[in-house]
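S.K.: Fold the following, please.
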Amino acid sequence: MNSSVKLSLPKFPKMMSLLIHSNQFLKMFSVASLAVNLLMGLIVLSALGREPMVVTISEKGLPLARAEEVKSEDQIKFAIGQYIAARYSWTPQSVKEQLGQAKAFIMAKNGKAFENASLGIQKFSAERSVTQRIYPSKIEINLQKSTASVRGDRVTSIQGLKAAGDLKLELTFENGARTKENPWGIYITKEKEE
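M.R.: You can find the predicted model right below:
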């Protein structure tokens, strides 16, 4: 009578308990990932509503101050100053180069007249050894009339003899295409010396 009885547990309940346990783990993981996704979505939405922060730094890595908006009058004044410096300040050696730079501020339709005037200045400067420097003290812009009134001093040296005089100049300008030589797009159409 010695018999042994071997009890075996049914496999189905064990398999069900493992499945339920793994489903509970997956449910908890799904709820946690949903919470993280909602949190990240809220952070992204709040970041979209902000203005971007622009940090400007110089070549040395120092922060630059915010520049004020540039007025069109200031740009025109600067362009006129560049034209005057190229057109009216020269030596016998640099007159051709300076007038070439000034030509970038002349419209193509007025190019021939400017070249003719430039040739006369170049010839006069070379023959008489003339040097001219200008020192503008005041540049006034009238946007309605598209004119610039320039006041300053002119120093002319003819064969070593220097003479100083007033510079009174009225320039008429118009806007045109911006180029590498004339990034302001300001072109002189008429010059009138008083």
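S.K.: and the chain, what are its domains?
M.R.: Recorded structural domains for the chain (assignment: automatic domain parsing) are 12-51, 72-193.
S.K.: Quick check: which helices or strands does the lengthiest strand in the chain pack against?
M.R.: When the chain is parsed with DSSP state E, its longest strand is strand 161-175. If you count contacts as 3 or more Cβ pairs under 8 Å, 6 or more residues apart in numbering; DSSP states H and E, strand 161-175 packs onto helix 72-88, strand 130-142, strand 147-158, strand 186-193. In this view, the C-beta of every residue, glycine as well, is placed from N, C-alpha and C.
S.K.: Can you give me the buried ones in the shortest one?
M.R.: Spelled out, that is strand 186-193. For strand 186-193, a neighbour-count test (16 or more other Cβ atoms under 10 Å) marks 186-188, 191 as buried.
S.K.: which residues sit against that strand?
M.R.: With Cβ atoms under 8 Å, 6 or more residues apart in numbering as the test, strand 186-193 has contacts from 75-76, 79-80, 83, 105-107, 110, 168-176.
S.K.: Using ChimeraX, define a selection of the buried residues within these.
M.R.: A single ChimeraX command suffices to select whichever of these are buried according to 16+ other Cβ under 10 Å:
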select :76,79,80,83,105,106,169,170,171,173
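S.K.: I'd like the domains of the chain written out as TSV, with distance to residue 2 and mean pLDDT added.
M.R.: Shown next, in TSV, are the domains of the chain (distance: least, Cβ to Cβ, whole Å; pLDDT from 0 to 100):
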stretch	distance to residue 2	mean pLDDT
domain 12-51	31	85
domain 72-193	111	90
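S.K.: I'd like to know which of those domains lies nearest to residue 63.
M.R.: Across these, residue 63 has its closest neighbour in domain 12-51 (17.5 Å, Cβ to Cβ).
S.K.: Tabulate the helices and strands packed on strand 161-175 (CSV), appending distance to residue 30.
M.R.: Formatted as CSV, the helices and strands packed on strand 161-175 follow (distance: least, Cβ to Cβ, whole Å):
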stretch, distance to residue 30
helix 72-88, 61
strand 130-142, 69
strand 147-158, 73
strand 186-193, 66
